[in-house]
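Asker: Any chance you could fold what I've pasted below:
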Amino acid sequence: MITLWTLLLASGIIALFWMSRIVADAAKRHAEHQAKQLNVQLLSVACKKWRPGIVRGGKPGIKSEFMFEFCSDGNTVYQGSLQLENERLVKIDVPPYRMG
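Answerer: A predicted model of the protein is given here:
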């Protein structure tokens, strides 16, 4: 019986890790798309926080917030944020920035 619980726990941890990697890849794609739209250079994308939860539609998933840094004039770095539910972009915040 302990073996079964151990396998279930290990499977759950692996599934959670796998899903977090999928969400991180989606955040990078969303940040790249936003940088292309704004005509700025994307510098980095990092996970600020994530947690398991119930997403829209009532299904279990991962709610996360990612920060992305971009540069518009070659000197100044700006930070925006992306909020995702699983791979779906829910909200994006981009600060005012100087056009280069």
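
Asker: where does the protein have low pLDDT?
Answerer: The model of the chain has pLDDT under 70 over residues 100.

Asker: need the helices for it, in chain order.
Answerer: Taking DSSP state H, the helices of the chain run over residues 2-38.

Asker: which one in it is furthest away from the centre?
Answerer: Met1 (37.2 Å; Cα atoms, centre = their mean).

Asker: Look up how far Val45 lies from it.
Answerer: According to Cβ to Cβ, to the nearest Å, Met1 and Val45 sit 43 Å apart. Heads up, the C-betas are built off the backbone N, CA and C, glycines and all.

Asker: same deal with Ala24?
Answerer: 8 Å.

Asker: what sits in contact with each of those two?
Answerer: Listed as contacting both Ala24 and Val45 by Cβ atoms under 8 Å, 6 or more residues apart in numbering are Phe66.

Asker: No further queries at this time; thank you.
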